[in-house]
Every structure is written in C-alpha cells, then in structure tokens.
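1. Pasting a predicted model and its sequence here:
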Amino acid sequence: MKIVILDGFAAQPGDLDWSEIQSLGECVIYDTTSAEQLHERISDAEIVLTNKTPIKAEDMDRTPELKYIGIMTTGTNLIDIQAARERGIVVTNLPAYSSESVAQMVFSHLLNIVMSVNKYNEFIHKGLWQKEQPMDMRRADYIELYGQSIGIVGFGNIGSAVARIAHGFGMSVLVYTSKPQKQLPAYCKSVGLKELFSSADVVSLHCPLTAETKGLVDTDKLKSMKPTAILINTARGALVDEEALKTALINGWIAAAGLDVLSEEPPGREHPLFNLRNCYLTPHVGWATKNACRRIADHTAKNLTAFLSGNPINTVLP
C-alpha cells in the first residue's frame with residue numbers, strides 16, 4: 001500500500017516525525033506539492049494525505065488506485081467531497097486537533113486590537129518612551145472586554161472554545177447556530193444572524209466555507225454592525241467579502257478587523273486589505289502551535305488505522 005503525504009512541511013515543519021504513519025505502509029513525504037506536480041505524485045497512490053493541497057474530481061479520475069484521502073486539518077473545502085463519494089473514496093478530517101489553538105488566536109487578535117500591544121511594543125523599541133508618555137497614545141475606543149458582547153457565527157469545537165474563553169473575560173455570548181438553545185451552555189444566547197451582527201461588539205467567524213457561506217460577511221452585514229465593533233476571522237478567508245471589508249474599515253462602519261485567513265493565501269501584493277491601519281493580519285497560523293501539530297500526526301494516524309481496519313472514523317460527507 002502506497003501512502004503519499006503531499007505537504008508535510010505545512011503540517012510538521014522539521015521537528016516532528018511521521019513514524020506512526022510510515023509504519024502503516026510505503027510512505028512518500030513531500031514538503032509541498034503544486035497543482036502541476038500533483039498527478040505525478042499521486043498517480044499510483046492508494047492513500048493520500050493533504051494539509052493544504054486541493055484534490056479535485058479530475059485528480060481522482062487520474063488516480064485509479066485511490067481509496068482514501070486524509071485531510072490533515074479541520075476544514076474540508078480542499079476536497080471535492082461529492083466527487084470522492086461518487087468514486088467510493090473515503091475522506092476523513094481532523095475535527096478538533098486545533099480548537100484551543102485557534103480560539104487562542106481569536107483572543108490574540110482581539111487583545112492586540114483593544115490593548116494596542118503591538119503598537120506599545122514598537123513605541124518602546126523605537127525609544128519613544130523616553131520622550132513622551134505612552135498615555136499620549138490612548139485612543140477613544142480603547143476598551144476592556146468585560147461587559148462587552150461577542151457574536152460567534154458557528155458553534156462547533158472552535159466556536160464553543162471561543163465562547164468559553166469569552167465568558168471567562170466576562171463577555172456576554174451571542175451564538176448563531178443550528179443547535180437548539182437547550183444544547184448550548186447556559187451563558188450562551190442563540191440569536192439570528194441579523195441580530196448577531198447588529199448587536200455584538202465583537203463578531204468572530206467559526207463556520208465552514210460552503211457555497212452558502214461564501215461572502216457571508218458582505219456590505220449589508222458590515223453596515224449593520226456597530227461603528228465600534230471588531231470583526232475576527234480565523235476560519236476561512238472567503239467567508240468575508242474583502243472589498244466590502246476594506247470599504248467598511250476605511251469609512252468607519254466598523255472599528256477594526258483581525259484576520260488569520262484571507263481568500264487567497266498567500267495574497268497578491270495588491271490585496272485590498274493591505275496597508276490599512278485598522279486591519280491586523282496573520283498568515284493562517286492559528287492552528288500551528290506545537291501542541292496542535294503533534295496532534296495532526298497522531299490523529300491522522302488514528303484515522304488511517306481505523307480506515308485500514310474497516311471501521312473509518314471522522315469521515316466527511318457531502
């Protein structure tokens with residue numbers, strides 16, 4: 001049995017090993033794989049593991065031995081799930097390997113925005129503290145999170161972790177989810193999407209990217225938000241209409257945005273959200289703590305072992 005790991009560097013850059021997976025069969029590991037390299041690399045594979053490399057229907061058609069695709073992340077938009085099902089290919093993902101890490105990134109962005117952590121750091125390193133008092137940098141919208149409200153769009157593992165942390169800060173928690181109120185923690189209130197965007201001081205996105213959620217955060221929703229509100233996105237970049245967000249940030253429809261994801265990664269030099277003073281960007285690294293990376297290898301091996309035993313777990317359906 002041939003196992004191909006398409007982008008090992010993305011999941012485990014150098015300091016961790018794949019020994020458990022390698023013990024399951026002939027294993028070929030590539031650091032990264034481009035679209036042009038994909039067919040040659042998986043043409044005779046039965047098992048393909050991917051972290052960032054998309055696999056489309058035509059790729060499956062050109063890989064006759066393919067029986068299993070293991071997505072080494074939570075999001076499933078990399079794979080044409082319907083095409084895999086039609087071809088009898090099992091697809092699995094890692095539903096909870098990075099929940100706490102991504103939730104931590106939500107609050108890294110949020111705390112940086114409301115406490116000006118990076119700006120104060122630069123202030124000191126530039127030698128300005130000796131010349132002026134840092135309170136001169138204070139902004140009118142400098143706030144504490146206690147008593148603020150957070151609206152969480154999507155209430156899976158990450159969304160629920162964000163809610164728990166927000167509750168610990170003393171925030172009220174609004175949730176948009178298909179789950180009934182009785183299944184939510186007592187500190188969470190289920191609301192409609194319109195109410196969430198118009199009422200929350202912070203909106204944090206945690207829903208999957210689908211045809212229905214693409215461009216979810218559009219001009220209308222941004223205009224409905226408080227001018228003091230903050231948008232956080234650690235889910236998928238395409239959930240947000242980025243041109244609309246640029247307009248919102250420039251015109252003061254909302255106060256700021258913290259984004260760990262963009263619709264194009266890495267983005268082109270002319271990306272609309274570059275060089276905006278109130279838009280804070282990180283390069284899709286919320287999941288990438290050492291703890292979460294260790295879980296990638298461990299959970300991927302468990303998924304694959306379960307599949308090989310005839311009892312697949314964490315399967316993804318269209």
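-> Noted; the coordinates are in hand.
2. give me the number of residues near Ser34?
-> Neighbourhood size, Ser34 [other Cβ atoms under 10 Å]: 10. Quick note: C-beta positions are derived from backbone N, CA and C, even for glycine.
3. wait, I meant Arg41
-> Count around Arg41 with other Cβ under 10 Å applied: 18.
4. now Gly154
-> 21.
5. In the stretch 101-250 of the chain, where is pLDDT below threshold?
-> Across the stretch 101-250 of the chain, residues meeting the criterion (pLDDT under 70) sit at 133-141.
6. Which stretches in the stretch 51-200 of the chain count as helices?
-> Secondary structure of the stretch 51-200 of the chain (DSSP state H, counting those that start in this stretch): helices at 57-61, 81-86, 99-115, 117-125, 157-168, 193-199.
7. Can you give the contact residues for the fifth one?
-> By Cβ atoms under 8 Å, 6 or more residues apart in numbering, the list of residues contacting helix 157-168 from outside reads 74, 95-96, 98-100, 102-103, 106-107, 145, 150, 152-153, 155, 173, 175, 177, 185, 187-188, 204, 206, 234-235.
8. got it, and the third one?
-> Contacting residues not belonging to helix 99-115 are listed as 117-118, 142-145, 157-158, 160-162, 164-165, 202, 204, 230, 232, 234, 255-256, 258-260, 280, 282, 285-289, 291-292 [Cβ under 8 Å, 6+ apart].
9. ok, back up a step: with distance to Asp241 as extra columns, can I get the helices of the stretch 51-200 of the chain in a markdown table?
-> What follows is the helices of the stretch 51-200 of the chain, written out as a markdown table (distance: least, Cβ to Cβ, whole Å):
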| stretch | distance to Asp241 |
| --- | --- |
| helix 57-61 | 27 |
| helix 81-86 | 25 |
| helix 99-115 | 19 |
| helix 117-125 | 26 |
| helix 157-168 | 21 |
| helix 193-199 | 13 |
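10. Let me have those in TSV, adding distance to Arg269 and mean neighbour count as columns.
-> Compiled in TSV, the helices of the stretch 51-200 of the chain are given as follows (distance: least, Cβ to Cβ, whole Å; neighbours: other Cβ atoms under 10 Å):
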stretch	distance to Arg269	mean neighbour count
helix 57-61	29	15
helix 81-86	33	16
helix 99-115	23	21
helix 117-125	22	12
helix 157-168	30	21
helix 193-199	31	17
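11. could you flag which of the contacts of helix 157-168 are buried?
-> 74, 95, 98-100, 102-103, 106-107, 145, 150, 152-153, 155, 173, 175, 177, 188, 204, 206, 234-235 (16 or more other Cβ atoms under 10 Å).
12. Nearest spatial neighbour of Ile143, chain-adjacent residues omitted?
-> Once flanking residues are discounted, Ile143 sits nearest to Val114: 5.2 Å by Cβ to Cβ, 6 or more residues apart in numbering.
13. Revised request: answer the last question for Met225.
-> Ile254 (5.0 Å).
14. beta partners for Leu174?
-> Gly151, Lys189 (DSSP bridges).
15. Provide a list of residues in contact with it.
-> With Cβ under 8 Å, 6+ apart, Leu174 has these contacts: 149-152, 188-189, 191, 195-196, 199-200.
16. how far does stretch 235-254 stretch from start to finish?
-> 19 Å (Cα to Cα, to the nearest Å).
17. which parts of it are buried?
-> 235-242, 244-246, 248-249, 253-254.
18. Touching that stretch from outside, list them.
-> In contact with stretch 235-254 (Cβ under 8 Å, 6+ apart) are residues 75, 77, 154, 158, 205-209, 213-219, 222-223, 225-231, 233, 256-257, 259, 261-265, 271-273, 276, 278-279.
19. Return a selection command, for use in ChimeraX, containing the buried ones of these.
-> Those of the contacts of stretch 235-254 that count as buried under 16+ other Cβ under 10 Å are selected in ChimeraX with:
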select :154,158,205,206,207,209,213,216,217,222,225,226,229,230,231,233,256,257,259,261,262,263,272,273,278,279
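20. Cool, thanks, signing off.
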